[in-house]
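> Okay, here's the prediction I keep looking at, along with the sequence it came from:
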Amino acid sequence: MTDMRRRVFIQSSLVSLGAGIICTPAWSQKINALSGSMEQGSASEAFQPPMMAFPEKKPLWMHSDSPPLLETPREAFASAVTPNDEFFVRWHHAVIPDTIDLKTYRLSVSGNVDTPLELSLAELKSRFESVELYAVKQCGGNSRSNFSPVTSGIQWHHGAMGCALWKGVRLRDVLAAAKIKPNSEFLKLNGLERPILPGTPPFMRKLDKDEFNREDVIIAYQMNGEDLPLLNGYPLVLIVPGYFADNWVKMLERIDVLDKDEPVFYTDKAYRLPANPFGSVAPGDPMPKDTRALKALNIKSVIATPSENAVIHRGDQVEMAGVAFDAGYGIKEVLVSIDHGKSWTSATLDKDLGPYAFRRWSYTFTPSKSGILTMMSRAINRLGEIQPLPANMEWNPSGYAWNAADHLTINVL
Amino acid sequence: MKIIGITQSLAILFLLASLSVNAEDAATPPFAGKTIDFPKAYVYQMQKGEGYETIQKCSICHSFGYILNQGKQNRSFWEHETHKMIEAYNAPISPEEEKVIVSYLVKFYGNDKK
């Protein structure tokens, strides 16, 4: 859908919903956004999470300590690879082992297989060919704080994402070793985290046949050349390149092969979008009855530097840098603007680390007049998909998959 | 439980200590794996007032960061969120407690928006 058509779609929704009622502040904010002024959502005005260093981590924005929800500062995205100690952390449940003993740790593969497996980490490493790839892991709720009206869920800024070099073994090789039966349709995967209450649905995910047969879905034991940080899922994490992070099960302990579908809460009830092609509803509307699972990443770019509200002197050179990514088609171009979207030019792309990696980009300029300067970034992929402008961003009730062109403001003296 | 004297306890301690040292020297491989110390609980300070005791139940499963993070929201938002915790996550909250929690959230973390 072109931007123009998106705009018409949202505006007509606004008109039909707004007919006969006085605009509330939330609505007027959305309308301001439509007319080009880009105010932040009202979500986190009152609350600034503390910075906290967890084991193996630098200080990160701590939205919650239990379960731990740690956000990477924006400046980290000036690099195509996110260091392990700055990589975001997001668990669903509060019971997370503080110790993994490799003497007793096993990954089990069972269910619709002829040879159930109980693999130690050493066996997994020695029995299967190792593969390495760069891939972006991004939480479905990343950048949620940009949605207006506010949606329920953690109000992440842009830091619930990262890109690492993952090393591990192919999921399908492990399934083949277990002699998975030909009529297998789904996998149910879970890790070692547990809810506090027995009645709370455990964190499990489901992959379908097309997904578990992909040659690039891997069970990773290394991240950027080191063991995984415990908080990122030591000793094993599932990597589903091009998919949102809810599929990337941490501390993977069990793969259950199914010959037919069965409901799994975190795939069939949670992490859902409206079933229509845009995954959206009119801003403020509830989730419709028909929904679909949140899966492939959408095209996105984020400005990392300079820092928000940085003070720059007129005539000083400024390097604007950030990252762009999509579901694996590849970034073709990143457009940047230093006049709040009035004019655009191409940023320089750094080397390509693979279809699922962050593509670093940069643009150097010298501001010539003083005042507030709003820079923007907008990525285009090889399919020709382009990030929507913020005013044209579709809205969904859970605040997933925000991918509007990014913007960042600095002060020029 | 049998009470033992201090001399006996010390003797047992010494015995255990020497055993563990011997064991380490001999066959036991060093620990392989990873262990971390989670930081002690952080206090996300909530407003004190009517319902404060009841909302402590929310922290059975999650820190108050989850609530503060949402910012100030309207009644229907908080009703929806609170009910979701009961419906979807089986939070042990009675209908009476649910009302108290929603009133608390609206009073201290509410806004006037429709």
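Cool, got the structure. Numbers count the residues shown, from 1 in each chain, chains lettered A, B, ... in the order given.

> So what's the residue count around the nearest residue to residue A:79 once chain neighbours are set aside?
With sequence-adjacent residues excluded and distances taken as CB to CB, 6 or more residues apart in numbering or on different chains, residue A:79 is closest to residue A:360, at 6.8 Å. (Each C-beta comes from the backbone N, C-alpha and C, glycine too.) Summarising burial for residue A:360: neighbours were counted as other CB atoms under 10 Å in any protein chain shown, giving 25.

> wait, is residue A:360 part of a helix?
No - the assignment for residue A:360 is strand, going by DSSP: H, G, I helix; E, B strand; the rest coil, so no helix is present there.

> For residue A:379, see how far away the nearest residue to residue A:349 once chain neighbours are set aside is.
Counting by CB to CB, 6+ apart, residue A:349 lies nearest to residue A:361, which is 5.3 Å off, once chain neighbours are set aside. Taking CB to CB, to the nearest Å as the measure, residue A:361 and residue A:379 are separated by 8 Å.

> Any chance you could list residues touching both of these two?
With contacts taken as CB atoms under 8 Å, 6 or more residues apart in numbering or on different chains, the residues that reach both residue A:361 and residue A:379 are A:301, A:324, A:334.

> Now these in CSV, please, with extra columns for secondary structure, neighbour count and pLDDT.
Conversion of the shared contacts of residue A:361 and residue A:379 to CSV gives the following (DSSP: H, G, I helix; E, B strand; the rest coil; neighbours: other CB atoms under 10 Å in any protein chain shown; pLDDT from 0 to 100):
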residue, secondary structure, neighbour count, pLDDT
A:301, strand, 29, 98
A:324, strand, 28, 98
A:334, strand, 24, 98
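
> ok, residue A:166 - how many residues close by?
25.

> need the contact list for the residue nearest to residue A:79.
When the contact criterion is CB under 8 Å, 6+ apart, the partners of residue A:360 are A:78, A:79, A:80, A:321, A:322, A:323, A:349, A:350.

> same for the host helix or strand of residue B:98, what does it pack against?
Element membership for residue B:98 (DSSP states H and E) is helix B:95-109. Contacting helix B:95-109 under the criterion 3 or more CB pairs under 8 Å, 6 or more residues apart in numbering or on different chains; DSSP states H and E are the following elements: helix B:52-55, helix B:65-68, helix B:75-87.

> mind running it again at 6 Å?
helix B:52-55, helix B:75-87 (3 or more CB pairs under 6 Å, 6 or more residues apart in numbering or on different chains; DSSP states H and E).

> And for residue A:103, the neighbour number?
By the measure other CB under 10 Å, the count of residues near residue A:103 is 9.

> Now do it against residue A:168, distance only.
As judged by CB to CB, residue A:103 and residue A:168 stand 21 Å apart.

> Just the buried positions in the helix holding residue B:98, please.
Buried residues in helix B:95-109, defined by neighbour count with 16 or more other CB atoms under 10 Å in any protein chain shown: B:97, B:98, B:100, B:101, B:102, B:103, B:104, B:105, B:106, B:108, B:109.

> Distance-wise, check the residue most central in space within chain A relative to residue A:158.
Compute the mean C-alpha point of chain A, and by CA atoms, centre = their mean the closest residue is residue A:138, 1.9 Å away. Relative to residue A:158, residue A:138 is positioned 10 Å away (CB to CB).

> circling back: take the contacts of residue A:360 and keep only those in strands.
Among the contacts of residue A:360, the members falling in strands are A:321, A:322, A:323, A:349 (criterion: DSSP state E).

> Which of the residues you listed has the largest number of neighbours?
Each of the ones in strands among the contacts of residue A:360 was scored for neighbours by other CB under 10 Å, and residue A:323 scores highest at 31 neighbours.

> With adjacent residues omitted, what lies nearest to that residue?
Distances taken as CB to CB, 6+ apart put residue A:358 closest to residue A:323, at 3.8 Å, once the chain neighbours are dropped.

> In this structure that neighbour contacts residue A:324, no?
No - with contact defined as CB atoms under 6 Å, residue A:358 and residue A:324 do not form a contacting pair (7.2 Å).

> Residue A:49 against residue A:59, yeah?
No - Residue A:49 lies out of contact with residue A:59 (CB under 6 Å); the separation is 11.1 Å.

> And those two? Which one has more around it.
A side-by-side neighbour count of residue A:49 and residue A:59, using other CB under 10 Å, places residue A:49 first with 23 against 14.

> pLDDT score for that one?
Residue A:49 carries a pLDDT value of 95.

> From residue B:40, how far out is it?
To residue B:40, residue A:49 is 17 Å away according to CB to CB.

> and if you look at residue A:231?
16 Å.

> In contact with residue A:260, which residues?
By CB atoms under 6 Å, 6 or more residues apart in numbering or on different chains, residue A:260 lies in contact with residue A:185.

> and the residue nearest to residue A:79, how far is that from residue A:352?
Residue A:360 is 10 Å from residue A:352, where distance means CB to CB.

> which stretches of chain A aren't confidently modelled?
Counting by pLDDT under 70, chain A contains low-confidence residues at A:1-46.

> how's it carved up into domains?
Residue ranges for the structural domains of chain A, counted by automatic domain parsing, are given in the record as A:51-293, A:297-412.

> How far off centre is the first one?
In terms of CA atoms, centre = their mean, to the nearest Å, the gap separating the centre of domain A:51-293 from the centre of its chain is 11 Å.

> Residues in a beta bridge with the residue nearest to the centre of chain A, which ones?
With beta bridges defined as DSSP bridges, residue A:138 has these partners: residue A:161.

> That one reaches residue A:159, doesn't it?
No - the pair residue A:138 / residue A:159 is not scored as a contact, 10.2 Å apart, by CB under 6 Å.

> got a list of what residue A:344 touches?
If a contact means CB under 6 Å, 6+ apart, then residue A:344 has A:335, A:337 as its contacts.

> Tell me the spacing between it and chain B.
Summarising the geometry, the distance separating residue A:344 from chain B, computed by CB to the nearest CB, to the nearest Å, is 33 Å.

> swap in residue A:208?
Relative to chain B, and taking CB to the nearest CB, residue A:208 is found at 23 Å.

> on that earlier part again, any idea which of the buried residues of helix B:95-109 is the one closest to chain A?
Chain A has its nearest neighbour among these in residue B:109, at 8.4 Å by CB to the nearest CB.

> How about the closest one, nearest residue that isn't a chain neighbour?
residue B:72 (5.4 Å).

> With residue A:238 instead?
Residue nearest to residue A:238 in three dimensions, not counting chain neighbours: residue A:249, with 4.6 Å by CB to CB, 6+ apart.

> Just give the number of residues close to that neighbour.
Burial of residue A:249 is recorded as 27 neighbouring residues (other CB under 10 Å).

> on that earlier part again, from the shared contacts of residue A:361 and residue A:379, list the ones also adjacent to chain B.
Restricting the shared contacts of residue A:361 and residue A:379 to those within reach of chain B (CB under 6 Å from any CB of the partner chain) leaves nothing.

> what residues does stretch A:152-164 touch?
A:43-44, A:63, A:69, A:71-72, A:74, A:81-82, A:87-88, A:136-139, A:141-145, A:223-224, A:302, A:357-358, A:399, B:69, B:81.

> could you dump that stretch to PDB, C-alpha only?
The C-alpha atoms that make up stretch A:152-164 are tabulated as PDB, following Å, rounded to 0.1, in the frame of the first residue of the first chain:
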ATOM      1  CA  SER A 152      -0.900  -2.000  26.600                       C
ATOM      2  CA  GLY A 153       2.500  -3.600  27.200                       C
ATOM      3  CA  ILE A 154       6.000  -2.500  28.100                       C
ATOM      4  CA  GLN A 155       6.600   1.000  26.700                       C
ATOM      5  CA  TRP A 156       9.900   0.200  24.900                       C
ATOM      6  CA  HIS A 157      11.800   2.800  23.000                       C
ATOM      7  CA  HIS A 158      13.900   1.500  20.200                       C
ATOM      8  CA  GLY A 159      16.200  -0.600  22.400                       C
ATOM      9  CA  ALA A 160      14.400  -4.000  22.500                       C
ATOM     10  CA  MET A 161      16.400  -5.200  19.600                       C
ATOM     11  CA  GLY A 162      20.000  -6.100  18.700                       C
ATOM     12  CA  CYS A 163      22.000  -7.900  16.100                       C
ATOM     13  CA  ALA A 164      24.600 -10.600  16.900                       C
END
